[in-house]
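Visitor: here you go, sequence then predicted model.
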Amino acid sequence: MLTSQPDRPSQIAAEERMADIVLPNQSNGFGTMFGGDVMAMMDKAAAIAALRFCRQPVVTASTERIDFRTPIRQNEIIEAQARVVYVGRTSMVVRVRVYAEHPLLGDRRICTTGYFSMVAVAREGKPASVPMLSLEDEEAREEWTIGEEIHETIQARRSG
Ligand SMILES: CC(C)(COP(=O)(O)OP(=O)(O)OC[C@H]1O[C@@H](n2cnc3c(N)ncnc32)[C@H](O)[C@@H]1OP(=O)(O)O)[C@@H](O)C(=O)NCCC(=O)NCCS
């Protein structure tokens, strides 16, 4: 399915993957990772997903629904997966999931999820139009609905 508009090209959004390992300086006294460092990684993954989708400079405008579901432990391998799930005229909603993996056993679990609104900017920080999103399968259509709801919530908050 294509959510196309005549003046804007449509394209698929790839799932971006970014891996890291949790070092002692990223952990608290309980040996689990700082939430702020997890969010920084998510923000970076969201920026890469948005940049690769629109190929224009982007800024983070807001974050929604960040849930730290399970702790991430020191020495674990972490992987952020990010994909553009919704586009407005100049903004993109990027869904990010963070997984943790035992480095020796390979056991893997989802730890943190969230949505990042990224805005494409042109000269002097002025918002710039982004491509339309091509929805390839049922999962993409379901995620579009969540992104649309987030975009509408933001619009209502801004105009309220
Ligand atoms: C994000 C920013 C470019 C928006 O500029 P603006 O002049 O308010 O933009 P507009 O009102 O024309 O809105 C443009 C788009 O941004 C979206 N937007 C604006 N503020 C937003 C917010 N707080 N959260 C999510 N989306 C937002 C709008 O919904 C709109 O999306 P659409 O075109 O897809 O419908 C501007 O607020 C900014 O530069 N903020 C600072 C960003 C930053 O420094 N981030 C941290 C470091 S990267």
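Guide: Arrived safely.
Visitor: not counting sequence-adjacent ones, nearest residue to the closest residue to the ligand within the chain?
Guide: Residue of the chain nearest the ligand, by Cβ to the nearest ligand atom: Gly88 (2.1 Å). The way it works is simple: take the backbone N, C-alpha and C, and place the C-beta from them, glycine included. Excluding the flanking residues, the one nearest Gly88 by Cβ to Cβ, 6 or more residues apart in numbering is His151, at 5.4 Å.
Visitor: just checking, what packs against the helix or strand containing that neighbour?
Guide: For His151, the host element (DSSP states H and E) is helix 138-159. Applying 3 or more Cβ pairs under 8 Å, 6 or more residues apart in numbering; DSSP states H and E, one finds that helix 138-159 makes contact with strand 58-68, strand 77-87, strand 91-101, strand 108-120.
Visitor: and the residue at the greatest distance from the centre of the chain, what does it touch?
Guide: Note on the chain: the largest C-alpha distance from the chain mean falls to Gly29, namely 28.4 Å (Cα atoms, centre = their mean). Gly29 is in contact with no residue at all, counting by Cβ atoms under 8 Å, 6 or more residues apart in numbering.
Visitor: quick revisit: can I get the helices and strands packed on helix 138-159 in JSON lines with distance to Leu23, mean pLDDT and mean neighbour count?
Guide: Output for the helices and strands packed on helix 138-159, formatted as JSON lines (distance: least, Cβ to Cβ, whole Å; pLDDT from 0 to 100; neighbours: other Cβ atoms under 10 Å):
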{"stretch": "strand 58-68", "distance to Leu23": "19", "mean pLDDT": "97", "mean neighbour count": "15"}
{"stretch": "strand 77-87", "distance to Leu23": "11", "mean pLDDT": "98", "mean neighbour count": "23"}
{"stretch": "strand 91-101", "distance to Leu23": "14", "mean pLDDT": "98", "mean neighbour count": "23"}
{"stretch": "strand 108-120", "distance to Leu23": "17", "mean pLDDT": "98", "mean neighbour count": "21"}
